[in-house]
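Enquirer: sharing a model that was predicted from the sequence below.
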Amino acid sequence: MEYLVTMTTHVPDGTSEAEVDEVRTREAACSRQLAADGRLLRLWRPPLQPGEWRTLGLFDADDPDALERILASMPLRVWRTDQVAALSPHANDPPTPNPRRGGTGEFFTWFTFSVPDGVDPAEVDRARDAEARRSRELAGQGHLRRIWIVPDRGLALGLWQADTADGLRSILAGLPLAPWLDVEIVPLTPHPNDPAG
């Protein structure tokens, strides 16, 4: 099962730079091992405020207890809090995403789907079918990398590639379900310990 983990690190006041460097070095080694074991799939940095340490991690674990053991094994956990979102497969998730394209940015999208009262259910069904076809096209073009359901939040989470946030907005505006989607876009920057880097 896959999990998205928001990892926020707060280094205690008075911690020496040497101690921080030592823990970060061990964290990088641990991340490499977790990636080799198939447990750490990706790492990204979302937009950060000055002095903020936050990382988004995609992990694979058998269950929540196994994920907790993985997270507890990471050296930065001594200064870190983790927020976990369990991910379920989405019907439109590409079976084998195309390789990442260099020079393009990665983005998360959080989708909330809501159909107003009075919309013909047959119209919604047609739009869902068209959305599935368009998702396959966008995956083939390298724009849609992954998409999941976040059951406990009633959301869908997408991982996208695009040249710019405006370019991604243009792509999303053309989705057949766009009239009924509320979308939040989160730009991602590379993390030095990202297994895909």
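Expert: Looks like it arrived, so ask away. Numbering: from 1, shown residues only.

Enquirer: where does pLDDT dip in this structure?
Expert: Counting by pLDDT under 70, the chain shows low-confidence ranges at 103.

Enquirer: per-domain residue ranges of the chain.
Expert: As assigned by automatic domain parsing, the chain contains the domains 2-86, 90-190.

Enquirer: can you redo those domains as JSON lines with distance to residue 197?
Expert: Just so you know, the C-beta spots here come from the backbone N, C-alpha and C atoms, and that holds for glycine as well. Shown next, in JSON lines, are the domains of the chain (distance: least, Cβ to Cβ, whole Å):
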{"stretch": "domain 2-86", "distance to residue 197": "8"}
{"stretch": "domain 90-190", "distance to residue 197": "6"}
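
Enquirer: these: which one's closest to residue 196?
Expert: Among those, the nearest to residue 196 by Cβ to Cβ is domain 2-86 (5.7 Å).

Enquirer: the closest one: end-to-end distance?
Expert: Using Cα to Cα, to the nearest Å, one end of domain 2-86 lies 6 Å from the other.

Enquirer: can I get the domains of the chain in TSV with distance to residue 196 and mean neighbour count?
Expert: Below are the domains of the chain laid out as TSV (distance: least, Cβ to Cβ, whole Å; neighbours: other Cβ atoms under 10 Å):
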stretch	distance to residue 196	mean neighbour count
domain 2-86	6	15
domain 90-190	7	15
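
Enquirer: helix/strand/coil for the residue located most distally from the centre of the chain?
Expert: Relative to the centre of the chain, and counting by Cα atoms, centre = their mean, the farthest-placed residue is residue 118 at 33.7 Å. Put simply, residue 118 is coil when judged by DSSP: H, G, I helix; E, B strand; the rest coil.

Enquirer: try residue 139
Expert: helix.

Enquirer: quick check: closest non-adjacent residue to it.
Expert: residue 94 (3.7 Å; Cβ to Cβ, 6 or more residues apart in numbering).

Enquirer: report the contact partners of residue 94.
Expert: Listed by Cβ atoms under 8 Å, 6 or more residues apart in numbering, the contact partners of residue 94 are 135-136, 139, 144-147.

Enquirer: what's stretch 110-120 in contact with?
Expert: Contacts to stretch 110-120, defined as Cβ under 8 Å, 6+ apart, come from residues 124, 154-158, 177, 180-184, 186.

Enquirer: now do the helices in this structure.
Expert: Using DSSP state H, the helices found in the chain span residues 17-36, 64-72, 121-140, 165-173.

Enquirer: C-alpha coordinates for the third one, CSV please?
Expert: Extracted in CSV, the C-alpha atoms of helix 121-140 (Å, rounded to 0.1, in the frame of the first residue of the first chain):
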residue,chain,number,x,y,z
PRO,A,121,-26.5,11.5,-13.7
ALA,A,122,-26.1,10.3,-17.4
GLU,A,123,-24.2,13.5,-18.1
VAL,A,124,-21.9,12.8,-15.1
ASP,A,125,-21.3,9.2,-16.4
ARG,A,126,-20.4,10.5,-19.8
ALA,A,127,-18.0,13.0,-18.3
ARG,A,128,-16.4,10.3,-16.2
ASP,A,129,-15.9,8.1,-19.3
ALA,A,130,-14.4,11.1,-21.2
GLU,A,131,-12.2,11.8,-18.1
ALA,A,132,-10.8,8.3,-18.2
ARG,A,133,-9.9,8.6,-21.9
ARG,A,134,-8.3,12.1,-21.4
SER,A,135,-6.3,10.8,-18.4
ARG,A,136,-4.8,8.0,-20.6
GLU,A,137,-3.9,10.7,-23.2
LEU,A,138,-2.3,12.9,-20.6
ALA,A,139,-0.4,10.0,-19.2
GLY,A,140,0.8,9.1,-22.7
